[in-house]
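# Requesting a structural model of the entry that follows:
(one chain, ligands or ions: 1)
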Amino acid sequence: MSSSSEPQTHLVLENYIGGKFVPCRDHIDSHDPSTGLVYCRVPDSGEEEVEAAVAAAKEAFPDWSNRSPEQRKTVVFARTVDIPRSAHNLRFFASSLLHQTNDSTQMDHMGCLNYTIRCPVGVAGLISPWNLPLYLLTWKIAPAVAAGNTVVAKPSEMTSVTAWMMCKLMKEAGVPPGVINMVFGSGSRAGDALVGHPDVPLVSFTGSTATAQRITERSAPHCKKLSLELGGKNPALVFADADLDQCVATTVRSSFSNQGEICLCTSRIYVERSVYSEFLDKFVAAARKWKTGAPSDPGNCNGVRSFVALARSEGATVHCGEGVDRLELPERNAGGYFLPATVLTGVADASRVMQEEIFGPVVCVSPFDTEEEAVARGNGVRYGLAAVVWSRDVGKVHRVARRIQAGM
Ligand code: NAP
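You can find the predicted model right below:
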């Protein structure tokens, strides 16, 4: 942490509150993971800054929530944001709100008609992670403001710059002051103050399970509405009759895209024993071709380092990647946090590597013998975010998919 009186050699971000950029007394250094060097300073917001942002959002709420859905559309700034999915999020929620239908139940014997209406709740507290920063942040902002809520958002301190740039676009696009506020800082200070604020009745959070538990505890005394999107330890079940070439090509992407730092990434691959060796050979060869290096080089797919020491300590065989393949990096990236696509075998299902979300380019491959076993092992974690079933047998695909406990 550093004081703002020091010479400003880096980009210094400001909070966005009530339509104004407001400087913060203290800052946190933000590091470029590809070089390990500080590249900007992010406000270290606390209760005072959160208080100001919630007050601005509260003040903006009556007017914003009374506008018609058409008047709340914010596509103008979405068009200028250079990330298609972020623009898509805003367009999608702006238009989906125009086509909502509500349920009603008729109770003729009592002469009653019950119907449901959807109302904005008030000030929504939005907390997003770093791995797809603008996409996940807009995925929260767009539905909240489209429904008539005003928001105070706290992006991950590690990826605050794009959110800060988006505030500039929102100001330029004429989003009314106070409707969208951005408070930068750490989760333990700014995030915690936002979650615990009595005037924030709704919290939407995307991030890790451990943080979600803390947020749930903090909100419980206030009975807040909570939306939690958490981690995954996603299995792929590969049956012997799958098209292996297609399966390998797709599974390499689903495992290592964005350095494996997507909540939906495949991290456990169970392969029917009769094709296990063939799959493993092809998969390791394809993983080796997954290039790791400077993120500015468009030929590279992997950027940021995670950890694999845990796997080694649990007795894994490392087929490629960390400690096996040498990483050629440009000199300026020598201090960066890099890890090549890493494939492990020989880890027990109960081991930490198989049970915990590593959130990096690390995948475990293991053989199975029966459909029953594949389902049981696929379900054998406390996560249930996503899963994939590979087979040419449509009946089997549907049967197995139904038994897999995963949201997607
Ligand atoms: P994280 O450590 O839980 O942090 C997520 C956000 O919560 C950050 O903005 C963080 O701030 C903030 N935070 C931390 N402690 C807090 C507290 N006590 N009170 C309030 N806010 C707090 O998660 P992450 O490492 O950034 O993200 C990776 C995780 O997100 C993985 O588990 C991944 O699977 C999951 N994820 C899930 C989805 C999904 O849709 N299901 C999508 C993407 C990612 P700081 O960063 O400033 O500490």
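
# Now do the helices in the stretch 51-200 of the chain.
Counting by DSSP state H, counting those that start in this stretch, the stretch 51-200 of the chain has helices at residues 75-80, 84-96, 133-146, 161-173, 192-195.

# With respect to the ligand, which of those helices lies nearest?
Between the ligand and the helices of the stretch 51-200 of the chain, the shortest gap by CB to the nearest ligand atom is with helix 192-195, which sits at 4.3 Å. Where C-beta positions appear, they are placed from N, C-alpha and C, glycine not excepted.

# So that closest one, near the ligand or not?
Yes - remark: helix 192-195 sits within contact range of the ligand at 192, 195, by CB under 6 Å from any ligand atom.

# following that helix, which helix or strand shows up next?
Next helix or strand after helix 192-195 toward the C-terminus (DSSP states H and E): strand 202-206.

# hang on, the earlier thing: out of the helices of the stretch 51-200 of the chain, which is closest to residue 246?
helix 84-96 (25.2 Å; CB to CB).

# Quick one: mean pLDDT over the closest one.
Here helix 84-96 scores 85 as its mean pLDDT.

# what's the answer for stretch 339-351, then?
On average, stretch 339-351 scores 92.

# Kindly check the end-to-end length of it for me.
21 Å (CA to CA, to the nearest Å).

# got the buried residues for that stretch?
339-345, 347, 351 (16 or more other CB atoms under 10 Å).

# quick check, nearest of those residues to the ligand?
When the buried residues of stretch 339-351 are ranked by distance to the ligand (CB to the nearest ligand atom), residue 339 comes first, at 15.8 Å.

# That closest one contacts residue 259, doesn't it?
Yes - counting by CB atoms under 8 Å, residue 259 is a contact partner of residue 339 at 7.2 Å.

# got the domain boundaries for this protein?
Here the domain parsing of the chain from automatic domain parsing is 11-229, 234-403.

# Would you format the helices of the stretch 51-200 of the chain as JSON lines with mean neighbour count included?
Formatted as JSON lines, those follow (neighbours: other CB atoms under 10 Å):
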{"stretch": "helix 75-80", "mean neighbour count": "16"}
{"stretch": "helix 84-96", "mean neighbour count": "18"}
{"stretch": "helix 133-146", "mean neighbour count": "23"}
{"stretch": "helix 161-173", "mean neighbour count": "18"}
{"stretch": "helix 192-195", "mean neighbour count": "25"}
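
# burial measure for residue 406, as a count.
17 (other CB atoms under 10 Å).

# Go ahead and confirm it touches residue 381.
No - Residue 406 lies out of contact with residue 381 (CB under 8 Å); the separation is 10.1 Å.

# Excluding covalently adjacent residues, which one is nearest to residue 211?
Nearest residue to residue 211 in three dimensions, chain neighbours excluded: residue 187, at 6.5 Å (CB to CB, 6 or more residues apart in numbering).

# wait, that neighbour sits on residue 157?
Yes - Residue 187 lies in contact with residue 157 (CB under 8 Å); the separation is 7.3 Å.

# In CSV, list the helices of the stretch 51-200 of the chain along with distance to residue 14.
CSV is the format used below for the helices of the stretch 51-200 of the chain (distance: least, CB to CB, whole Å):
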stretch, distance to residue 14
helix 75-80, 18
helix 84-96, 21
helix 133-146, 17
helix 161-173, 7
helix 192-195, 17
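
# Let me know which of these is the nearest to residue 66.
Residue 66 lies closest to helix 133-146 among those, at 13.5 Å (CB to CB).

# what bits of this protein have low per-residue confidence?
Within the chain, the ranges that satisfy pLDDT under 70 run 1-8, 71-83, 293-307.

# what's the burial count for residue 147?
18.

# Grab the nearest non-local neighbour of it.
Nearest to residue 147 is residue 120, by CB to CB, 6+ apart, at 5.3 Å.

# Give the full set of residues in contact with the one you found.
Neighbouring residues of residue 120 by CB atoms under 8 Å, 6 or more residues apart in numbering: 61, 64-65, 147-149.

# tell me the phi and psi of it?
Phi and psi for residue 120, reported as degrees, to the nearest 10, are phi -70, psi 150.

# quick one on the thing from earlier: reformat the contacts of residue 120 as a markdown table; add distance to residue 11.
Formatted as a markdown table, these follow (distance: CB to CB, whole Å):
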| residue | distance to residue 11 |
| --- | --- |
| 61 | 32 |
| 64 | 30 |
| 65 | 35 |
| 147 | 33 |
| 148 | 34 |
| 149 | 30 |
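
# Max pairwise distance over the residues you listed: which two?
61 and 147 (11.8 Å).

# Tell me the residues on this protein that lie near the ligand, please.
127-131, 136, 154, 156-158, 186-188, 191-192, 195, 206-208, 211, 214-215, 229-232, 263, 357, 359, 385.

# among the residues you listed, which ones are buried?
Buried by 16+ other CB under 10 Å: 127-131, 136, 154, 156-158, 186-187, 191-192, 195, 206-208, 211, 214-215, 229-232, 263, 357, 359, 385, out of these.

# I'd guessed residue 183 sits against residue 154; true?
Yes - with contacts counted by CB under 8 Å, residue 183 reaches residue 154, the gap being 5.4 Å.

# Find residues that contact each of the two.
Here residue 183 and residue 154 have 45, 190, 194 as joint contacts, going by CB under 8 Å, 6+ apart.

# Just give the number of residues close to the first one.
Neighbours of residue 45 under the rule other CB under 10 Å: 30.

# That one belongs to a strand, doesn't it?
No - according to DSSP: H, G, I helix; E, B strand; the rest coil, residue 45 belongs to no strand; its state is coil.
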